[in-house]
Every structure is written in C-alpha cells, then in structure tokens.
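Participant: build the 3D model from these lines:
(3 chains)
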Amino acid sequence: MFWIRTAFKELITHKGFSLFFILNLALGLAGFIAIQSFRESLDRHMDENLKEILTADLVLISYNSLTQQEMQQADRILAGYRDKARLVTFFSMARGHDRSRLVRVMAMDGAYPLYGGFTFEEETDSKDIQGNPGLFMTRDTARSLGIKTDSDRGKPVKLGEKAFLIRDFFKDDPDKNLTGLELAPKVYMGLDQLAGTGLIRFGSRVRYLYYYRFEPGVNLEGKIRDLKQHFYDPVRNQPRLNVYDARDVNQRLGRLSRYFTRYMGLVSIIALFLAGMVAAYLFRGFLTLKSKEMAILMAVGATRKYIYFYVSCQLLFLGTISAGLAVIVSMVLLPVFPVIFKDLIPAHLNVGMSFDTLAVALVVGIAGSLVFCLPLFVTIFSIRPLTLLQGHSVTRRGSKRKTLWQALSFVPVIAALFLMSVMVSGTMVDGALFAGGFILALGVFSLIGALVFWACRFPAASKQIPVKIAFRNLFRNKWSSLSCFVTIAMGVFLIALVPQVRKGLETEIIRPKGLKIPVLFLADIQEAQKASLIRFMKAQEGELTRISPMVRGRIKTVNGRPFYGRRDKSEKRARGRRLAFIFSFRKTLDASEKVVQGAPMSQTPWEFGSNTPFEISLERSFADRHDLKIGDALEVDIQGIFLTGKVVNLRQVKWASFQPNFFMLFQDGVLNDAPKTYVAGISNLDRSRRHELKNEIVDRFPNISVIDVTQTAQTILGVTDRLSLSVKFMAWLAIAAGLLSIFSISRHEAFKNRNQINLLKVLGTDFNTLQLITLLESGFVGFAAGITALCLSVAVSFGISWYFFDSLWQPAEGTLFLILCLSTVTCMATGLGAAWQVMKARPVQLLGQG
Amino acid sequence: MGLEINHLCKSFYSPGTGMIQVLNDVNLEIRPGRTYAVIGQSGSGKTTLLSLIAGLDRPDSGDIILDGENLAAMNEDRLARFRAENIGIIFQQFHLMPHLTAQENISLPLEILKVPDIERQTHAMLEMVGLSPRRHHLPGALSGGECQRVAIARALIVKPSLILADEPTGNLDTATGETVADLLFNLVDTENKSLILVTHNPALADRCRSTFTLERGGLS
Amino acid sequence: MPGMFARAWGNPKIKILFLGDSITAGYGIAQEDAYPALLGQKLESLGIHHVEIMNGSISGSTTASALSRLKWFQKAAPDILVLALGANDGLRGLSVENMEENLGQTITFAKNNNMDVILAGMQIPPNYGPEYADAFKQVFTTLADDHGIALIPFLLEGVGGRPDMNQPDGIHPNRAGHQQIAKTVLPFILKRIQEP
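Facilitator: Numbers count the residues shown, from 1 in each chain, chains lettered A, B, ... in the order given. Here you go, the predicted model:
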C-alpha cells in the first residue's frame, strides 16, 4: 500500500510529465479507436448493402417446392430466425392487351422482401397484391404488353389461365439481379394468386426461394453447413437445395468486398501497431526518466520486487487513464465525424464504437504498458544504487545474464504482437505475416538507422556551427536518435502502406477513365447479322462498343490428362464440372483488363495447322479455380476440331467495369473461321431511350438477346463508389492517425531534449542558432526516417498487394511525397515548439534542476 | 569591468505560502579583478541573485548594469549573446553535455560565438585545467572533480569579464573541492577576472576578497 | 483448312451429326455420357461399326445459329443430321415464327446437301402458358410434315419434369436422363442406317 501511495504521489507531484504522457498515449489510442470504429461501421454498412441485394440474410433456393416436413426441418436448423419470406419465380408468356411477351413471374408472400423494398409510382403497399389478382410491373413492361396509357390499366393481363390487373407501376424493386442476364422483365404477384393460373404443374420449371432474416450478429456458417448436410442427396452427390448468404451474392461484388475486408483489416492492424508503438515508446521514455528515481529508492532500502511493483503501478495508472481518455475523446468526436467529413464518407453511415474496439484499446493501454515495458524492466535489473554516489549514469552495461533476460523479455511482446495481428486479420497465416513483417521492418530500420547516425559523424565535422552541433548531437546520442528514428520510420512506413495499397485497389474499384459503361448488352449476335447490326446502329443514337467474338468449345485435356476427372479447387460448385467454355480473341486488350503474369500475347496470327501450340491468355481467378498455370498445354475441342494451345499469360479483369470480357483468350488466327456469335455493348445512349432501342433491336434481330444492364450497373457501381470513397477515407484517417503518433513521439523526443537546449541557451546561443540546430536535428531524423520508410513501404506494399489483393498495386508518388513532407514537418514543428518553449522559459530552471 | 546592482527585487510564487520576497532592494557594486563571496543560509536567495546577474532570470524591479549595459533592458537574444561573451557560469551540478567529450564541452561556447582558432584556445585551456590526457572522455567517464574542472574551463574559455560560480565545490569531497577551488582562484587571478561565488562554505568564502551575507532578502 | 476433318474424311463410315443445344451437348455431365455418345456405344454393341457420331452442339444456342453452324459442319459431309434445336428459343420466349423459319432454312440446306434429317421435337414447360406451349409444339409437327422428314415427337419423353432424370436445375438431363433420350432416339437412327 505504501508503494502504491508513493507511486501515485509521485505521479501527482510530476503532474506536468504525467499529463504530457497521458495526452500522448491517449492520442495514439484515439487514432486506433477511430480507425477501428470506422472499419466496423463500414463493414456493417457493406454487409447491410449486400443483404439488401439479397433481400435477406440467408436464402434457400430449390427447384422443387419443399414439403411440409422438409420445411419444418429447415426451420429447425435455422431456429432463431426473425422473419421468413417466400417467393416462387418462373418464366411465362404473359398475354397483354394485344400482344404477348415473356415475363419473369415473381410470386411473393406478404413478408417479402425482408430487406429493401419497392418504389412505386403511387402510394401502394407491397402487400396490396395479396389476396387479389393484382400485378406490379414497370411502365415499360406494361407498354410492351400493349398497356400504354393509364386508361388501359383496366385491361387484364393474362398469365396462364388467369386474368390479372395492374395494381401499380414500380420504379425500383427489391430484387437486384446482379448476373446481368435478364431474359424477361419481372412481374410481381401474390403467392396465393398462383392458384388458378395452371402454370405450376408437372414439368414446370420453377424456382422456390425461402428467405430468412436473423438478428444481427448471428453466425450463419454453421447453419449453412448443417442445411447442406441435411439436404444432401447421396444419389446426386450434392445438396438438394442451394443456400446463399450475403457473402456469395455475386462474384464481382464478392471479390470487391473481400478486398475491402482485407484492406480494412490491414488498416486496423496498422492502427493497432501504431498505437502499440507509441505506447511502447512512451513507456520506454518514462522508464528511462525514472531510472534515477529507482536507484534512489533502492538506495533507501527498497528491494527490486518493490521497484517493479512501484513502476508497474505507475505504468498501469498512466495507461488506464490514457486509454480511458482516448475512449472518452473518441466517444465525443466520432459521432461528429460523419458531419465534418460529410462528402468523404458514405452517406447514412452509422459510426459507432463496438465493445471489442474499446476493449482492445483499453488492453493496449493497460496491459500494453506492462508487456511493452518488459524489455525495459530488465534495465531495472541492472540499476545499481552505488552509481548514484558517483553522480553518473545509473545503469551498467552488459552482463551475460542481463542480455539473456533482455532477449527473453521480448518474447511476450512478440507474442502479443502476433496475437493482436491474428485477432485483427482473422487468420493465423495473415497474422503471422503481419507480425513477422513488422519485426522485419523494425530490424531493417534499426540497421539503416544505425548506419545513418554513424554517418552523421561526417556532417558533424562541418565548420558550420549549427550543422556541427546538430549532427554531433545525433551522432553522439545515436541510441536515443536511433530509437526515435526507428519509431518514426515505422510510423511513416505503416501509414505509407495504406495509400499505396489503396491506389491499387482503386484501380479495381474505380472505373478507368474513358471506359464507357454500357447501357445495353447484346448477346448471340450471329456472324451473318454482324454487318447489318453495325449498319443499323450507325443510324441510331448510342454507340456499339467492343463487338467481341465468342466461340463455344470444350477443354479436353490439360497437359495430356483429361480435364473432366481433375479435382476442382472450389468445392462450392454445386453442378458438375463445366466442360464447355467460351473462347474469344482480340487484337488489343480492353481497358478493363491487363496482363499481370507472363508475357503479352504475340501480335502475329497463329498459322492454322501449324505444329506449334497457339497462345492462350487466362483470367487469373479462372486459372486459379481450375488449377491452370502458365505453360500448361490445353487441348481444346472447338466444335469437332482438336487444337492444342499453351497458357502464356494471366490477366486481371475488372468485372465490375461491365465490358465484354472472357476467361480465355486465344491467339489471333485460331478462332477466326470457327462458328461464332458476338457480344457487344451499347453505350452513350440516353437512358430514357434504351427501351425504345431495345424494342427496335428485338424487332429487327429477334434472336439477339438484349440485356439491360442499367440497373445492375447502377447497383454495382453504387456499391463500388461507396467502397472507393470509404477506402480513400480510411487511408486519410490512417495517415492522420499516423501523423498523430509521429507527433506524440517527436514531442516526447523534444521534451527529452529540453535540458540540452536550455544549456545551449545558458551558454549564450542566440535564438536563431538554437532554432536552426533544432530544425536540423529534428528535421533530419524525420526526413531520414521518412525516406527510408517510404522506400521500404513501396516494396512491402507491393508484396501486400501481391499476396492479398491479386497484385493490384499502383505507385502513389503524390501521397508518398505528401506523407514525407508531413512527417518531416511534424518532426520539425514539434522540435521547434520545444525550442520555443525553452526560449520562453527562464533558463534559471536549469540551476535548480539536479 | 564593473557591475552595479541597484534596488534589485525578486519574488516567487510558492504554492501554500503565497508570494515570497526573495530579494528586497539589493544593492551591490563589483569592481573588476576582484573576488566576492555571497554567503547565506539555504533559501536566502543566493542562487536567485546569481541567476539574475547571469541574465538567466529577470528581476521584478531594479537594474543590473554590467560594463554600462543594463541587463534588465535586453531582449532574450541580446542577453544570450551578452552572456556568451561576458559571463562565465559554473554550476554546482556541472551541467555538462553528456554526449560531448571534455574537449568538446569546453569548446562549445567558442563554437557558439563562432570565433576563429577554437582548437588552439581549447588546447591551451585543457592544459591550464590539467585535463589534456582526459580530453576525449565523456563526462560519464570523468570524476566529479574532473567534471567541475571541465565546467570551469568552459566558463573561462570565452575570457568573460565576470565569472559566476554557484557552489562550485558543493558536489565534491573536501580534497577535490580544494583542488578545484585552487584552480578557480588561480585562473581568476592570472586572467584578472571578477568572480562572484555563492557558497555556504566559510572556508571557500574566506578565499574571496570581500564577503556579503544575504539575509532576509537584503545584502550586508 | 487441310486435315481439319481428317477423322471424318477418307472414311466410308456413315456420319451422323447432332446439331443441338445444351441437352445434346451433355451440359453438366461428361461428354461420353451425353446421349449422342451413348447412341454410338449402343450401335457398336449392336454390331454396327460403320457409324461415326459428331456432336456439334452448343449450350445455350438458339435456332438462329443453326444454318451457319451446319454450313461449317457441311465440310465434314455428314450423312444424317439430327436437328435438336429450339428449346432455348422457347425458354427465352422468342417468336415461334422465327424459330420455324430458322429451322426450315436449316432443313432445306441439309436436304439440298443430301443429308437425311431427323428433327427432334421439343416442348416447353407448362409454366410458359398453354398458348405459347401449344404453338411451340406445333412448329415441329408442321416442319416435319412440310419437309417430309422424320420427327422424334418429344426428345425429352420420359425425362422432362422428372426430378430423377434431371440435374438439380430441373432442366438438364442427368446420366439416367441421357440413357432415356438415347432409348428414344435409337429407333430413328437405326431406321435411317438400316434403310439407306
């Protein structure tokens, strides 16, 4: 108790230092909390978005209606769900006023949709078509059924043997079809109205969808596994129904959200490392300052045990207060963020702190104080009160025992680092990579820093006094300079990773400039129709883009072995392995794709019948899925002709760009004469004109499928735009948090240097010189650390992009330069601030200080 | 070199007791080439007086006129420059730069003043204080006496007209203290400097030509 | 393109070309298990060795591509054409008139090139509504009558709508389904081969 009291009394006596320490650590932790909270909020936001696209948390899809018994079983497995909705969908010919057309019937129950909703022209409720033969459709659909004016609304639309009336027109419906392929417009009706249509009977091709909504936070993975197991069909060797959740809404979105999650994880880890680093640095400085006091305490008879206890009390106290302060500051500031950064973060983003985040911040602040300081506790080990009498340094260098302890004391630090990395990144391997990378970076910076400060001896020999003094300080204080250097370098390094990874990610998310997002997509254009279609489109508004050939074929063998028997990497595929694929060829790659591995395809056409294999370019995820590599020889069957090609490169394709892209591209000359169809996009078309054009094309070229990608494109682009906005904001937040850390560190360093500055002042150094010395000293450390960190960050961010983000990497020289300037300026400004403080203060302080 | 102190007053705020008048109408005249001792009990304001004379602190009122210039009227930069050129300060705690060698600590004021021929002057000074063999050692490796000799050398290197010493032997054992004091007085004599020495060591005070006692804020 | 159809040329075998969509292509199963390949095996087992099966089917294809594809395969000079297209036209709700025209042109071209044509009749699931389903079904009968060719009344007889015969998607036959189709088609092939 005495020790606790003494510890607190001491902290209170030195309230200046205590306050300073608490503020610095709280700043670092607040940065972490802010980033982590944003990450969680954004995660939640994106998750909600995906759910809206799915309209539920979980969907069961079956081609057969589930029996009562099966339904009960499903409900039992999914016990705990909040809501449930049903939908039956199928294609049918709808007979309108004077014509019929194919529609997709969506027969929904009153609970549909669980997320999202309709936007109607009138004040209709989506339940209004339950219990009566009413329909919801778009005005365009109605028009194509011959119901052109509102007065026509009284005319029935016949589905099967039953007549329906249009209840309302919707502008937006909850069903977001992201496959892009919409064969027919949707028409909604009440589920109970299916009776009497005569459409559902033996042989009908109908899909039954069962939607489930859960309370937030329910883990669905186990339930999905159980469902798949329970509905397993041993005869067909696959589940009788498909189960989807928000994660597999769509491959395109899935990839993006996977990137996004990883990116957020990266940013969180960086924030955590930054906070931990600041904590460790400050605690270390604290102990160094305290070493003399400890010696005094020992001199008056305290045992080492009590010293540890005493210091731990102080550290715990400071850490707790800092963490508490950080939490309070974040609680006050975070809700204001969306207001301040209105255009920088997605609208409707609900920023809140989770208990986990606060807990981690508290743990870093409290336990971190002990874990991070373990290596320094070993220093206490070597404090000898005897030295007090000699009036010098109170620690003694190196016994073997001390070295051993020192080495051992790092084990918990590394373990904590590893644990935190695993926790934030989610996987063992990624966590180990991050922790390993962190330690490696520390090593590299220490090495380079040692070299830099060793080299400071050269400018220290300068005739210029400020230069001489500044560099001599750095050179002579190399251990202290080094720790400052390493910490700042780590800070800059960590924050510089983010914008570089971000820039790469943005190339995937953001549509490339000049890329035209098509309004309509045309498929199944026959060879014979190509010329007339081009002629027809010339006379129309809108531009026919990227007419791409498509040839169907099969992969027979890979390196001489049958393709069919090979094991598929992704066991997810419910259907049998596909054999039929689409091949294409193009003279130049589209703006939405690029070769990421291997050589570009040769420009010379392949000579048909030649013995050399032709060149094949594969989309990377496709190659991954089918376990195909560069150099693999593929024997393909192009409608009866067997040809062999070799994989020469892998491409990365931005699927979200809505351009016609292909998994497999062949060398020019291979497919030129093969029977093929074409796909093309139509862009530069006023959206209001698209229905008219669609109808004209269908009239003139009935076999051509016209796919309206406007809604799909809007949905996906909306999500990607929000993603890229978030990614950008997180990058800036990370930079801000990093600068805060750098500020904390350099402020602490400047604080330590006050005595030295003061002495120089007492010795008669004028303010300008003092200023120059400080600027040189702090600026040099900041700049040298910054430039070193940036160099390493370029290499490491490239590695991260390669490992986590499929090599999406772009140099971000502008941001890097900004980070370098900002970190250098931060160091200089804090150094200067300290110098000013000293200049303002009376040097008399020095006389009084021991 | 003459120093004139007129009606010097200084008070401090102390939590608990309120304002404390440390110096109250202190008047003092120092003539060139002479040594003065200021004695008094702990807390009598000796160090405060010294720091005012050194320009390290500002008086509440009164003038400190050194060679016709009023320290109280100078700005910080002018004061720093003036201090570098005219006043040498020796602290009880030595206050050496821990990362600089003995030689570098001594030459630091010359470097600040940017005078030519630093090396020769420093060597001569090292020789004078008898530290030539230890000139490449850091303060941590020097004994207390050696440290104080470095501090004395640092104070004298710019050939200031006035030397201020605050308990120069306070941190040293008697024998070492005596050696350091010998050195200090010899140097002051040979260089013909004025010296103001604050101490409560009567033996040390006796070696000065004049002695003032600081009591209840005033000199006698 | 010399050598392209080497396997077909210089061979006295009777060449049977299947021009179809995903059903005939064997979507979702091994090509050896698709009904054209099964027919080949069956013929072998019946001791008929002078037959070569060519499967020129493409998943998702409509009748619009039939003629151009047949022209491509014409280089291999097939003797018998099994025309099994139209299902995708129906599933996509394309006009039956267009389908009839496309198939008609293809049959005419085949006949002009001395091919025996077997037309596979298709039906559309009942959810498309009775009117369309009837009109669709009628096209095949009309074509067979007009051109005087053989008609398999319904290719998916005993397969369509039966879960045990189809893959989980309910539309593509599984291995058992293909066995059944092969059974349906076999008599028509045998008839062509045995009475040249």
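
Participant: run through the helices of chain C in chain order.
Facilitator: For chain C, helices defined by DSSP state H occupy the ranges C:22-25, C:35-45, C:66-74, C:87-91, C:96-112, C:130-147, C:175-194.

Participant: make JSON lines from these and add distance to chain A, mean pLDDT and mean neighbour count to it.
Facilitator: Placement of C-beta: from N, CA and C, glycine included. Putting the helices of chain C into JSON lines (distance: least, Cβ to the nearest Cβ, whole Å; pLDDT from 0 to 100; neighbours: other Cβ atoms under 10 Å in any protein chain shown) gives the following:
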{"stretch": "helix C:22-25", "distance to chain A": "6", "mean pLDDT": "90", "mean neighbour count": "25"}
{"stretch": "helix C:35-45", "distance to chain A": "12", "mean pLDDT": "93", "mean neighbour count": "19"}
{"stretch": "helix C:66-74", "distance to chain A": "5", "mean pLDDT": "85", "mean neighbour count": "20"}
{"stretch": "helix C:87-91", "distance to chain A": "7", "mean pLDDT": "90", "mean neighbour count": "24"}
{"stretch": "helix C:96-112", "distance to chain A": "5", "mean pLDDT": "93", "mean neighbour count": "19"}
{"stretch": "helix C:130-147", "distance to chain A": "4", "mean pLDDT": "94", "mean neighbour count": "17"}
{"stretch": "helix C:175-194", "distance to chain A": "10", "mean pLDDT": "92", "mean neighbour count": "18"}
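
Participant: nearest to residue A:57, of the ones you listed?
Facilitator: helix C:87-91 (31.2 Å; Cβ to Cβ).

Participant: give me the distance from that closest one to the chain's centre.
Facilitator: Here the centre of helix C:87-91 is set off from its chain's centre by 14 Å, with Cα atoms, centre = their mean, to the nearest Å.

Participant: do stretch C:155-173 and chain A come into contact?
Facilitator: Yes: interface with chain A: stretch C:155-173 contributes C:160, C:161, C:163, C:167, C:168, C:169, C:170, C:171 (Cβ under 8 Å from any Cβ of the partner chain).

Participant: now the buried members of those residues.
Facilitator: Buried residues within the residues of stretch C:155-173 next to chain A, counting neighbours by 16 or more other Cβ atoms under 10 Å in any protein chain shown: C:160, C:161, C:167, C:168, C:170, C:171.

Participant: okay, these in TSV with distance to residue A:191 next?
Facilitator: Formatted as TSV, those follow (distance: Cβ to Cβ, whole Å):
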residue	distance to residue A:191
C:160	25
C:161	22
C:167	26
C:168	23
C:170	19
C:171	23
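
Participant: what's the most distant pair in those?
Facilitator: C:160 and C:168 (15.2 Å).

Participant: count the neighbours of the residue of the stretch 51-200 of chain A found nearest chain B for me.
Facilitator: Nearest residue of the stretch 51-200 of chain A to chain B (Cβ to the nearest Cβ) works out as residue A:51 at 61.6 Å. Neighbour count of residue A:51, defined by other Cβ atoms under 10 Å in any protein chain shown: 21.

Participant: that one contacts residue A:58, doesn't it?
Facilitator: No: if you go by Cβ atoms under 8 Å, residue A:51 and residue A:58 don't touch, sitting 9.6 Å apart.

Participant: distance of the spatially most central residue of chain C relative to residue C:25?
Facilitator: Centroid check for chain C by Cα atoms, centre = their mean gives residue C:84 as the closest residue, at 2.7 Å. Distance, residue C:84 to residue C:25, by Cβ to Cβ, to the nearest Å: 10 Å.

Participant: lovely, talk soon.
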